[in-house]
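Student: Quick one, what's the 3D model for this:
(chains A and B)
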There are 2 protein chains.
Amino acid sequence: MNRPLPLTGVRIIDLGHVFQGPYATFLMAMAGADVIKVEPPRGDMSRKRARDGDYPFRALNGCKRGVVLNLKTDRGRELLLELSRSADVLVENFAPAVMPRLGLDAETFMKVNPRLIYASASGFGSTGPYADKLALDLTIQAMGGMMSTTGELGGRPLKAGVPVADFMSGAHLYGAVVTALFERERTGRGRALEVSMLEALFATMLPAAGHAYVSNHVPRRTGNRHVADSYVPFDTFETSDGWVAIVAATDDHWQKLTEAMGRPDLRDDESLRHLQGRIARIDFVTDAIADWTTTRTREEISKLCEQYRVPAAPLRDALEVLSDPHLHARGFLSVQPTDAGLVALPNSPMRYVGSDLRPLTPPPGLGEHTDAVLGEFCGVDAEELAALRREGVIGG
Amino acid sequence: MNRPLPLTGVRIIDLGHVFQGPYATFLMAMAGADVIKVEPPRGDMSRKRARDGDYPFRALNGCKRGVVLNLKTDRGRELLLELSRSADVLVENFAPAVMPRLGLDAETFMKVNPRLIYASASGFGSTGPYADKLALDLTIQAMGGMMSTTGELGGRPLKAGVPVADFMSGAHLYGAVVTALFERERTGRGRALEVSMLEALFATMLPAAGHAYVSNHVPRRTGNRHVADSYVPFDTFETSDGWVAIVAATDDHWQKLTEAMGRPDLRDDESLRHLQGRIARIDFVTDAIADWTTTRTREEISKLCEQYRVPAAPLRDALEVLSDPHLHARGFLSVQPTDAGLVALPNSPMRYVGSDLRPLTPPPGLGEHTDAVLGEFCGVDAEELAALRREGVIGG
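Tutor: So this is what the prediction gives:
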């Protein structure tokens, strides 16, 4: 028995661009919603980027319809308001000043449709001293403290190599929107809501902040060791073909690890039985494990650790992840044809038992559904569409 | 006019431990839900950790009630089922085999309460070849490819210093639960659902994966530069008192930056006007900016960039973030008393216009509300409570 996906029948107007907004609305689409992506005439700037191609755009905008509206024209703004009349949600991630400057603030929309969820995401939120500061993933990783914790002991602060702040805030934006949809079912009323990147990233800092409070020092960067040595080992080790991560989350894991290593001497060493003892001899513990891993492959070490029930994993690169048999077996990744050949594209990480995953469809061409959508929801006929196109109000 | 928070009246049974589950239920509590944290007799292992104290626990478990149930006893399991009869949601983040082994699988709960949302989070999900693999934040960062992108050019792969995978999957878990609550309002039916850490982290890899597809190479680690040099500059620069991040997301930002630097020669250099030219001379561009930043403070550089509308930010450490005036002005952080002194604790990053943030209350003591909750929802009287306590079924 295949149940419909939970957001079936929900209509979203998606003004999102690049990653934060589009990720939230991608999650909505994959949960069954009807997402209408509204782009300016030049298109979402992530449609084509010099060096990472259209893959991120393709991955985040499947199962959406595409409309081009020029919001710098009066008629373009009117059409957006008209479109919102029958929509459930509007999502935007412009800087906080942009929509109000266009006369497209939450109040204006809520007058047209009091049941609308008007969702805004930005770097710092719409209030407070930093509201107008420009923000990008890197600057949020910097201001949020994350970079201060990342890097080698004694080295300079580093970013996470991937745009964590963009996607972390996108996931929170999704959650906030669906929360307001739930509430609307009970109260009949819509909501304006907002999510800020800086706040969405904050929780990741809790262990580092806790260590700072306890020690009264800013935590050092610790390479791949735990920020507070709360576990030993908790590190990466070089193998004959790359790296593995190994963690003893409990003293029992340490015992099991020494057995996997074939080192009864370490297993029976009372001084290493408990965490505090291993912290005291952390370099000795690290060297012993590294001696073991260096002559074996990532896969051998991972399998042995699995057999002894010790948490461990091979470090994998982007191409290895894209061809991961587990992610393909679960249908999370699926191979899709594109002009540039086959690529593996993701589905949603939220899985509802009893419903199949939504099959992926390609992202819309720029303005591909302008006519169909404006015809269906705004009653615009062919003649007017032609006029609007001539006047530069719509595109596609 | 202050509207109730959107999840007011929703009751959650929270079997979460450490970060992933508790973060999801913290977000529910701060959205107004009544969260009942169910712990084993020894308590959530994050209650007290050697080196980061109780700060993460305190930050994630405020505004919850606490019950101790021994699920290794028949009566303990019965009481949990009884408790679920009037609940809306059950959240658990044990390894996938744990709850079924206790006879506490989703089907059992749904028979007792067909309106229940039964939400599971784990490292790899409950199906597929890795379902039984142990997982922790570090091993997911390793397997998910994130570490392969983090680190110095030519250096070894590094973790993000903070547990991104835990919190990223916690945010998705929140979203999935609320989605199912929304659906239940429409259909009257509950759901089992799941979120995996590996899948929740995947989207962050999209730019790196795109670069791998375009270049047919695994992306190099690039220190603090963009993985695909999609922006130049996109880097950190040393100042007289730390580091700043500066990004030219557009060619216009580069022009503005050269003006902030007082370098008309760079502004007028045609070879640097467009991204491709700056990529070709990236070391020259980097050195020129570094010469400018090195004699100024983080704050001076940030202010100048703000004035010229160039995205930039100081790199801050954990203590600086905890005392950030913006986060305190917005009420996201608030100073709370603890036995160990004053600490700054976070609220939810999801902000609903028209509703005040929920005031923080301290996390429950271990089993603080066992009697009250079992009395209220399971009709257990004082005499039986005493007997259950003697038999080790309940605690607190």
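
Student: For burial, what's the neighbour tally of residue A:325?
Tutor: Other residues within reach of residue A:325, judged by other C-beta atoms under 10 Å in any protein chain shown, total 11. No exception for glycine: its C-beta is placed from N, CA and C like everyone else's.

Student: Could you pull up the residues touching the closest residue in space to it that isn't next to it in sequence?
Tutor: With sequence-adjacent residues excluded and distances taken as C-beta to C-beta, 6 or more residues apart in numbering or on different chains, residue A:325 is closest to residue B:129, at 6.1 Å. Contacts for residue B:129 (C-beta atoms under 8 Å, 6 or more residues apart in numbering or on different chains) come out as A:325, A:326, A:329.

Student: what about the closest residue to residue A:132 other than its chain neighbours, neighbour count?
Tutor: Closest residue to residue A:132 apart from its sequence neighbours, by C-beta to C-beta, 6+ apart: residue A:97 at 6.5 Å. A count of nearby residues for residue A:97, using other C-beta under 10 Å, gives 12.

Student: for chain A, which residue is closest to the average position?
Tutor: In chain A, the centroid-proximal residue (C-alpha atoms, centre = their mean) is residue A:167; its distance is 2.7 Å.

Student: Now do the strands in the stretch 101-250 of chain A.
Tutor: A:117-122, A:191-196, A:234-239, A:242-247 (DSSP state E, counting those that start in this stretch).

Student: For the third one, name the packing helices and strands.
Tutor: For strand A:234-239, the helices and strands in contact under the criterion 3 or more C-beta pairs under 8 Å, 6 or more residues apart in numbering or on different chains; DSSP states H and E are strand A:242-247, helix A:282-293, helix A:298-307.

Student: if you set the cut-off to 10 Å instead, what comes out?
Tutor: strand A:242-247, helix A:282-293, helix A:298-307, strand A:312-314, helix B:137-143 (3 or more C-beta pairs under 10 Å, 6 or more residues apart in numbering or on different chains; DSSP states H and E).

Student: can you check the last one too?
Tutor: Taking 3+ C-beta pairs under 10 Å, 6+ apart as contact, the helices and strands that strand A:242-247 lies on are strand A:234-239, helix A:251-260, helix A:282-293, helix A:298-307, strand A:312-314, helix B:137-143.

Student: Describe which strands that strand pairs with in its sheet and in which direction.
Tutor: Strand pairing for strand A:242-247, determined by DSSP bridges: strand A:234-239 (antiparallel), strand A:312-314 (antiparallel).

Student: Looking at the contacts of residue B:129, which are in helices?
Tutor: Within those, residues falling in helices by DSSP state H are A:325, A:326, A:329.

Student: ok, now which ones touch the second one?
Tutor: Just to be clear, that refers to residue A:326. Residue A:326 sits next to A:332-333, B:124-125, B:127-131, B:133, B:143, B:196, B:198-199 when contact means C-beta atoms under 10 Å, 6 or more residues apart in numbering or on different chains.

Student: Quick check: the gap between it and residue A:310.
Tutor: 19 Å (C-beta to C-beta, to the nearest Å).

Student: Now do the domain split for chain A, please.
Tutor: A:11-203+A:350-395, A:234-315 (automatic domain parsing).

Student: Give the rounded mean pLDDT of the longest one.
Tutor: Per-residue pLDDT values over domain A:11-203+A:350-395 give a mean of 96.

Student: Any idea how far apart the tips of that domain sit?
Tutor: 21 Å (C-alpha to C-alpha, to the nearest Å).

Student: Figure out the helix or strand that residue A:384 lives in.
Tutor: Using DSSP states H and E, the element containing residue A:384 is helix A:382-390.

Student: Confirm for me that residue A:306 is in contact with residue A:312.
Tutor: Yes. The criterion here is C-beta atoms under 10 Å, and residue A:306 meets it with residue A:312 at 7.2 Å.

Student: More neighbours: those two, which one.
Tutor: Comparing residue A:306 with residue A:312 by other C-beta under 10 Å, the one with more neighbours is residue A:312, at 31 against 17.

Student: Show me the beta-bridge partners of that one.
Tutor: Beta bridges link residue A:312 to residue A:246 when assigned by DSSP bridges.

Student: In contact with it, which residues?
Tutor: Counting by C-beta under 10 Å, 6+ apart, residue A:312 has contacts A:233, A:237, A:244-248, A:253, A:257, A:260, A:293, A:298, A:301-306, B:133-134, B:136, B:138-139, B:142-143.

Student: cool, residue A:138 as well?
Tutor: A:147, A:159-160, A:163, A:165-166, B:224-226, B:231, B:234-236, B:245-247, B:249, B:311-313.

Student: for residue A:257, same thing?
Tutor: Contact analysis of residue A:257 by C-beta under 10 Å, 6+ apart lists A:233, A:246-248, A:263, A:266-267, A:285, A:288-289, A:292, A:304-305, A:308-312.

Student: again, but for residue A:322
Tutor: A:55, A:316, A:328, A:333, A:335, A:343-346, B:145, B:202, B:205, B:208-209, B:212-213.

Student: you'd agree residue A:111 is up against residue A:81?
Tutor: Yes. The criterion here is C-beta under 10 Å, and residue A:111 meets it with residue A:81 at 9.2 Å.

Student: more neighbours, these two?
Tutor: The neighbour comparison of residue A:111 against residue A:81 (other C-beta under 10 Å) goes to residue A:81, with 16 against 10.

Student: Export only the CA atoms of the strand or helix carrying that one, formatted as PDB.
Tutor: Per DSSP H and E, residue A:81 falls inside helix A:74-84. Written as PDB, here are the backbone C-alpha positions of helix A:74-84 (Å, rounded to 0.1, in the frame of the first residue of the first chain):
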ATOM      1  CA  ASP A  74       4.500  46.800 -11.500                       C
ATOM      2  CA  ARG A  75       2.700  44.100 -13.400                       C
ATOM      3  CA  GLY A  76       5.300  41.500 -12.400                       C
ATOM      4  CA  ARG A  77       4.700  42.300  -8.800                       C
ATOM      5  CA  GLU A  78       1.000  42.200  -9.300                       C
ATOM      6  CA  LEU A  79       1.200  38.700 -10.900                       C
ATOM      7  CA  LEU A  80       3.300  37.500  -7.900                       C
ATOM      8  CA  LEU A  81       0.600  38.700  -5.500                       C
ATOM      9  CA  GLU A  82      -2.000  37.100  -7.700                       C
ATOM     10  CA  LEU A  83      -0.100  33.800  -7.700                       C
ATOM     11  CA  SER A  84       0.100  33.900  -3.900                       C
END
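
Student: Go through that helix and flag the buried ones.
Tutor: Buried positions in helix A:74-84, judged by neighbour count with 16 or more other C-beta atoms under 10 Å in any protein chain shown: A:75, A:76, A:77, A:79, A:80, A:81, A:82, A:83, A:84.

Student: name the helices or strands packed onto that helix?
Tutor: If you count contacts as 3+ C-beta pairs under 10 Å, 6+ apart, helix A:74-84 packs onto strand A:11-14, strand A:34-39, strand A:64-69, strand A:89-92, helix A:106-112, helix A:370-378, helix A:382-390, strand A:394-395.

Student: Check the offset of the last one from the chain's centre.
Tutor: In other words, strand A:394-395. 30 Å (C-alpha atoms, centre = their mean, to the nearest Å).
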